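Enquirer: I need the structure of the sequence given here:
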Amino acid sequence: MTSRSFTRVAVAGIVAATGLALAAGPASAHPKPPKPPVTVPVRLVSINDFHGNLEPPTGSSGAIVNESGTSVPAGGAAYLATHIKSLVNEDTAVVAAGDLIGASPLISAAYHDEPTVELLGKLGLDVSSVGNHEFDEGLTELKRIQNGGCHPVDGCSPAGKWKGAKYEYLAANVLKENNDRYALPPVAIKKVNGVKVGFIGLVTQTTPTIVTASGIAGLKFDEEVASGNRAANLLRHAGVKAIVALVHEGDQITPNQSPDACPVTPGAGTRIAQGLSSDVDLVIMGHSHQAYICKTKDPSGQDRVYTQGSSFGRVLTTVDFQVDKKTGDVVRSSVVADNHVVTRDVTPDPAISTFVQTWKDRVATVANKPIGKITADIGRAAGPSGETTLGDLIADAQLESTKTGGNAEIALMNPGGVRADLSYAQSGSEGDGVVTYGEAFTVQPFNNLMQVVTLSGAKLDALLEQQWQNGGATVRILQPSASLTYTMDRSQPIGSRVSDIKINGTPVTDAQQIRVAANNFLVGGGDGFSVFKDGTDLWSGPLDIDAFVAYLGAHSPIAPPAVNRITVAG
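Expert: Model prediction:
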């Protein structure tokens, strides 16, 4: 990659705009027609939600529908590098919209995602918004990743002392609770093809509900539009008029559409794209793992493009536009965006292939260790109740790991924490059902702590009613251990859909005190399950991955559990 200059903005120094003196010239009887603006081209190449996928992702995570409506294999760092090289020129900046690290495969996660951050530097990444997963290990760890130094507990990786990221993380709506100062730089300025382009970083304001409480301790996450507008003012005071928002928030889409289509269901992403001030020329998004190219109106009625590029390195987004050399602003009518599928029908970049193989070799001893067996596929396909065989299996493992010491009676697993299926015939195996540590880690990559709290029967009922959120628009069915059964009736009003709760076949009373196990993300109120925070007598146990590994070893071979713990009424 060619090196590109990068200018950081000292936010504290931007206190006033430069005054301009206007001089009146002599009037002309025959004024000349205005000259067309002289413009220069700028290209942005963007990625989002890479999640440390150095190797080509597999299963449904490794395919995407292309412009022709055909599902094709996509992703993998070596293929990503080849595609980026074909799209980058001297007019280009490479940018990102968060979740580049966190919830990563073992090849990256085992070394606190240093391999991924190094890769992104090699690919020429200049600047990125933070995502919620950048906070998985806390702000101090994120700053270590940004600035360098070895991990305070695990020490240096096999590559030696960590040198820090070659790109900068931005967060215009993440403030320190004690003084309201920015936790990270809110904006950055980059010269692209000789013109200044300003970047604003924003992350979903819901981050405190989807990240472990310890990861965001001491931080607050402000509303995105107001924060983005304050950041845009900083850039304008610095004399920058071409402004791009990198936003880790997005919308859902109608599935199986071209990545260049706009089949979005308007949500938080559209709200932000429409609400940001007219100073912002375009919006590059992430978080919802969807691919779309959309256009909306900004508050001044101008067209504004907003985009997202799927996830796991399967799509690269290019945005081409012209900047008026005199005004320094983007010519809105010139903005053209395109989503490029990162196909695997190109020659993988040799240097990046070697880089990935090096880290694969380093982690192989851990990743390839057999830990148990399964008799058939155990996956995330939901039954009528929302239960999955893998979710139920994990809940059973979590209950077993928390009975001794925590006195747990039931366990609940959040479905979003189950990141991959367990396949009987994994790639490269002989179909003998062996599960390796690497495969188990791919299922549960967060290193959450198992905890147990006491809830009353009434509180447990209230917790289960929280599976329907936002008026029913958001549904998260907690995966129950075999000790917990209940009936669900979706025809009833929200708040009255759960009944006949039993533990080991015995009906639960409102006053009954129940020891409930879950990972620390849920116990901290994550995914909107705020009732967990009412729990008392907190006990902490093993990591969730350790509980899962121990259960697989103790009960092999394991058959897929029956998804019959939740009865659907009607």
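Enquirer: which residues are contacting stretch 466-483?
Expert: Residues outside stretch 466-483 that contact it (C-beta atoms under 8 Å, 6 or more residues apart in numbering) are 382, 385-388, 391-392, 394-396, 398-399, 409-416, 418, 463-464, 486, 494, 497, 503-504, 517, 527-531, 561, 565-566. Where C-beta positions appear, they are placed from N, C-alpha and C, glycine not excepted.
Enquirer: which ones among those lie within strands?
Expert: With DSSP state E as the criterion, strands contain 410-413, 486, 503, 517, 566 from among the contacts of stretch 466-483.
Enquirer: and Ser86, how far is that from Ser128?
Expert: 21 Å (C-beta to C-beta, to the nearest Å).
Enquirer: so between those two, which is more surrounded?
Expert: Ranked by neighbour count (other C-beta atoms under 10 Å), Ser86 and Ser128 place Ser128 first, with 30 against 11.
Enquirer: which strands and helices lie in contact with the helix or strand that one falls within?
Expert: If you go by DSSP states H and E, Ser128 is part of strand 125-129. Helices and strands touching strand 125-129, by 3 or more C-beta pairs under 8 Å, 6 or more residues apart in numbering; DSSP states H and E, are strand 92-96, strand 168-170, strand 187-192, strand 195-203, strand 243-248.
Enquirer: show me which positions of the helix or strand following it end up buried.
Expert: Downstream of strand 125-129, the first helix or strand assigned by DSSP H and E is helix 139-147. Of the residues in helix 139-147, 139, 141-142, 144-146 count as buried by neighbour count, 16 or more other C-beta atoms under 10 Å.
Enquirer: what of stretch 275-285?
Expert: 275-285.
Enquirer: go on, stretch 282-302?
Expert: Across stretch 282-302, burial judged by 16+ other C-beta under 10 Å covers 282-294, 296, 298.
Enquirer: ditto for stretch 402-417
Expert: Across stretch 402-417, burial judged by 16+ other C-beta under 10 Å covers 402-403, 406, 408-415, 417.
Enquirer: okay, Leu44 and His287: tell me how far apart.
Expert: Distance, Leu44 to His287, using C-beta to C-beta: 18 Å.
Enquirer: contacts for stretch 55-74?
Expert: Stretch 55-74 is contacted by residues 53, 75-77, 79, 105, 107, 255-260, 291, 310-315, 341-344, 356, 360, 420-421, 423, 427 when judged by C-beta under 8 Å, 6+ apart.
Enquirer: then stretch 262-274?
Expert: Applying C-beta under 8 Å, 6+ apart, the set of residues contacting stretch 262-274 is 202, 204, 206, 224-225, 228, 245, 247, 249-254, 257, 283, 285, 287-288, 290, 292-299, 304, 306, 308.
Enquirer: and for stretch 378-398?
Expert: With C-beta under 8 Å, 6+ apart as the test, stretch 378-398 has contacts from 408, 411-413, 415, 418, 420-423, 443-444, 450, 467, 475, 477, 479-482, 488, 517-519, 544, 547-548, 550-552, 558, 560-561, 563-568.
Enquirer: ends of it, what's the gap?
Expert: End-to-end distance of stretch 378-398 (C-alpha to C-alpha, to the nearest Å): 17 Å.
Enquirer: Gly160: which of the buried residues of stretch 282-302 is nearest?
Expert: Closest approach between these and Gly160, by C-beta to C-beta: Gly286, at 31.0 Å.
Enquirer: is it true that that closest one touches Gly250?
Expert: Yes: contact criterion C-beta atoms under 8 Å: Gly286 and Gly250 qualify, at 5.9 Å.
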